[in-house]
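1. predicted model and sequence follow; I will ask about them next.
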Amino acid sequence: MRIPTLAIHLDRNVNSDGFKPNTQTHLVPLLATAIKAELNKTPAEGGEHDGGKKCAETSSKSKHHPLLMEIIANALGCKPEEICDFELQACDTQPSILAGAAKEFIFSGRLDNLCMSFCSLKALIDATFSGSDLEEESGIRMVALFDHEEVGSNSAQGAGSPVMIDAMSHITSCFSSDTKVLKKAIQKSLLVSADMAHALHPNFMDKHEENHQPKMHGGLVIKHNANQRYATNAVTSFVFREIAEKHNLPVQV
């Protein structure tokens with residue numbers, strides 16, 4: 001599918017007024033043309049072979065377009081009528097690339113989640129590379145990766161759901177029958193909430209406050225928020241800075 005934009009000749013004010021689509025009508029993904037629809041429609045109406053019969057049955061029972069159902073069924077290796085329902089989301093399929101004269105830029109969508117997911121998982125793997133790495137370990141090294149972060153984290157599997165605390169409850173119950181062990185574990189734990197920071201944009205330097213300008217190549221950013229939307233406080237930021245200093249990692253606030 002593709003969501004094509006309108007030719008600039010038909011939308012001459014887009015550069016001055018900005019892109020202001022009607023999200024109900026202008027952003028509908030295009031799956032096929034009317035010609036393809038007519039080709040699918042002919043055997044379905046004529047019923048000359050089994051394919052037409054199945055297509056007619058699917059279109060009458062399904063709330064989804066028969067061509068879309070056929071594509072999904074082919075990908076799953078099943079029949080369209082065997083699919084009860086599904087959840088699909090259109091997303092940008094353009095691949096991520098390293099770019100710039102020095103290949104220092106990552107041009108990619110969804111970096112806000114993917115970058116930290118990669119770094120966290122790689123760190124966990126590197127920290128447990130050999131069996132001896134865990135011989136003296138008294139705690140649990142853990143990475144939690146959540147879906148739906150950009151829609152407020154309040155989905156059934158988002159960070160705002162009970163999925164995290166439920167998982168930790170199951171883990172701790174395997175070690176002790178003490179009902180308070182989970183609370184004790186949380187109190188003894190250090191949580192790093194990883195996110196992206198917006199670096200100072202060289203073309204829009206006026207968008208940053210004078211004393212709050214994270215710079216590219218300036219190091220890891222410790223983010224503070226007056227409304228307590230971040231997991232940063234005096235204790236956690238101090239521990240983070242100490243770890244960074246130990247590993248010679250630059251840090252900016």
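-> Yes, it's here. Residues are numbered from 1 along each chain as shown.

2. tell me who's in contact with residue 83.
-> By C-beta atoms under 8 Å, 6 or more residues apart in numbering, residue 83 lies in contact with 62, 69, 72, 73, 76. For glycine as for every other residue, the C-beta is placed from the backbone atoms N, C-alpha and C.

3. top of the residues you listed by number of neighbours, please.
-> Neighbour count (other C-beta atoms under 10 Å) singles out residue 69 as the most crowded of the contacts of residue 83, with 21 neighbours.

4. list the buried residues for the longest helix along the chain?
-> The residue-count maximum for a helix in the chain (DSSP state H) belongs to helix 111-127. Applying a neighbour-count criterion of 16 or more other C-beta atoms under 10 Å, the buried positions in helix 111-127 are 113, 116, 117, 120.

5. export those residues to a markdown table and tack on distance to residue 196?
-> Supplementary listing: these in a markdown table, determined by distance: C-beta to C-beta, whole Å:
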| residue | distance to residue 196 |
| --- | --- |
| 113 | 9 |
| 116 | 8 |
| 117 | 12 |
| 120 | 13 |
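
6. between these, which is nearest residue 251?
-> Taking C-beta to C-beta as the measure, residue 251 lies nearest residue 116 of the buried residues of helix 111-127, at 16.2 Å.

7. pretty sure the closest one sits against residue 195.
-> Yes. The pair formed by residue 116 and residue 195 meets the contact definition of C-beta atoms under 8 Å, at 6.9 Å.

8. give me the element residue 240 is part of.
-> Assignment of secondary structure by DSSP states H and E places residue 240 within helix 234-246.

9. what's the following helix or strand after the lowest-mean-pLDDT helix or strand in the chain?
-> Taking mean pLDDT, DSSP states H and E as the measure, helix 50-61 is the helix or strand of the chain with the lowest mean score, a mean of 48. Read in the C-terminal direction, the helix or strand following helix 50-61 is helix 66-76, with elements assigned using DSSP H and E.

10. by contact count, what packs against the next helix or strand after that next one?
-> Moving toward the C-terminus from helix 66-76, the first helix or strand encountered (DSSP H and E) is strand 97-99. Here strand 97-99 touches strand 105-107, going by 3 or more C-beta pairs under 8 Å, 6 or more residues apart in numbering; DSSP states H and E.
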